[in-house]
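Participant: predicted model and sequence follow; I will ask about them next.
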Amino acid sequence: QKTESPKNKPEKSKINVRHVILVLSGKGGVGKSTVSVNLAYALSSHGYQTGLLDLDLHGPSIGKMLGIEDMRLQAIGEHIMPVKVTGSLKVVSIALLLNETDSPVVWRGPMKAAATKQFLGEVEWGELDYLIVDLPPGTGDEALNIIQFAPNVEGAVIVTTPQDVAVLDATKAIKFIEMMDLPVLGVIENMSGMVCPHCGEVVDIFGKGGGAKAAEQYKVPYLGAIPLDIEMRKAADEGRPFIVRTPGKVSPTWDAVDKVME
Ligand code: ADP
C-alpha cells in the first residue's frame, strides 16, 4: 500500500518552532499523554521553550494531568493565548476551550483539520524550541493533519505496553510514521513490570520486552522502559508531572524521556 505523505504539502503553518515531536501509539491507554506531559515538562525544565499541543481531540487529558483543567485559553483579537504552566511551558488543548469539562467533541474530519491549523497558526506560541504533540491512538486524521500543517516535524516517539496486542498496534504506528517519510525517534515500553509494594517482587502484568522486540524488528531506536508505578498514576490524577517529584533532575525511571531529549 502506497500512501503519499502529506509532509511536503505546501500548506505549512507559520508557527515558529525548531523541533516538532509527535507522541503516538497504536492503542489507547498505554501512556501517550503521560509521556507527552513528562517529556514536555522535562524539556521546559531544561530551559527549552516548549509547547505542548493536545491533539487527542476526543479524549483530551493533558489539562487534567497538568492541573490546569479549570483554566481557559483566552482569545485576544484573532489570537489564542496558550495556558502558561511555567515560564517555558505553554499548553493548548481543546479541553481548555470547552465550557463544560464533560462535553464531548463531535467533529468530522474537516473540523479537525481546521482546528489543527488554528492551534498551530493562530496561537501565540512565541518562539519555541520544541512542540510536543500528544496524538490520539492510531493513524487517523489528527496524525495526518499535524504532519501536513506543522513545519519541522522531527519524527515520532511510539509508546506501547509490553502486551502483544499493544505491540501489534504499535508496529502499525511505526510503519505509518515510515510511510509518512519521517523517522521513528524511538519506542518507549510503558507499564513495563510493577514492583509489588508488599514483597518487592517485580510482576510483569503486561508481559515484558515487547517494545524492545518491536524496535529491533523495525530497526528503530529503543528508548527504554517505564515501570507501572502507583506514584505515576497518583501524580497524573493530582495534576502534576511525575518528574516534578525529583526537582532539578529527571527521575531514574525516566531515562526513556531523557533519551528522547538527547
Ligand atoms: P494514553 O494517552 O495512551 O491514552 P495515558 O497517559 O492517559 O494513556 O495513561 C492511561 C492511564 O494510565 C492514566 O490514568 C495514567 O495516569 C496511567 N499511567 C500511564 N502510565 C503509567 C505508569 N507507568 N504507571 C502508572 N500509571 C500509569
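Facilitator: Arrived safely, thanks for sending.
Participant: contacts and neighbour counts: CA atoms only from here.
Facilitator: OK.
Participant: need the residues of the stretch 101-250 of the chain near the ligand, please.
Facilitator: For the stretch 101-250 of the chain, the contact set with the ligand under Cα under 6 Å from any ligand atom comprises 190-191, 226-230, 232-233, 236.
Participant: turn the residues you listed into JSON lines, including neighbour count, secondary structure and pLDDT.
Facilitator: Compiled in JSON lines, these are given as follows (neighbours: other Cα atoms under 10 Å; DSSP: H, G, I helix; E, B strand; the rest coil; pLDDT from 0 to 100):
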{"residue": "Asn190", "neighbour count": "23", "secondary structure": "strand", "pLDDT": "95"}
{"residue": "Met191", "neighbour count": "22", "secondary structure": "strand", "pLDDT": "93"}
{"residue": "Ile226", "neighbour count": "22", "secondary structure": "strand", "pLDDT": "91"}
{"residue": "Pro227", "neighbour count": "18", "secondary structure": "strand", "pLDDT": "90"}
{"residue": "Leu228", "neighbour count": "19", "secondary structure": "strand", "pLDDT": "90"}
{"residue": "Asp229", "neighbour count": "16", "secondary structure": "coil", "pLDDT": "86"}
{"residue": "Ile230", "neighbour count": "11", "secondary structure": "helix", "pLDDT": "85"}
{"residue": "Met232", "neighbour count": "17", "secondary structure": "helix", "pLDDT": "86"}
{"residue": "Arg233", "neighbour count": "14", "secondary structure": "helix", "pLDDT": "87"}
{"residue": "Ala236", "neighbour count": "20", "secondary structure": "helix", "pLDDT": "89"}
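Participant: so who does the residue of the stretch 51-200 of the chain found nearest the ligand touch?
Facilitator: Residue nearest to the ligand within the stretch 51-200 of the chain (Cα to the nearest ligand atom): Met191, separated by 4.5 Å. For Met191, the contacting residues are 30-31, 161-162, 206, 225-229, by Cα atoms under 8 Å, 6 or more residues apart in numbering.
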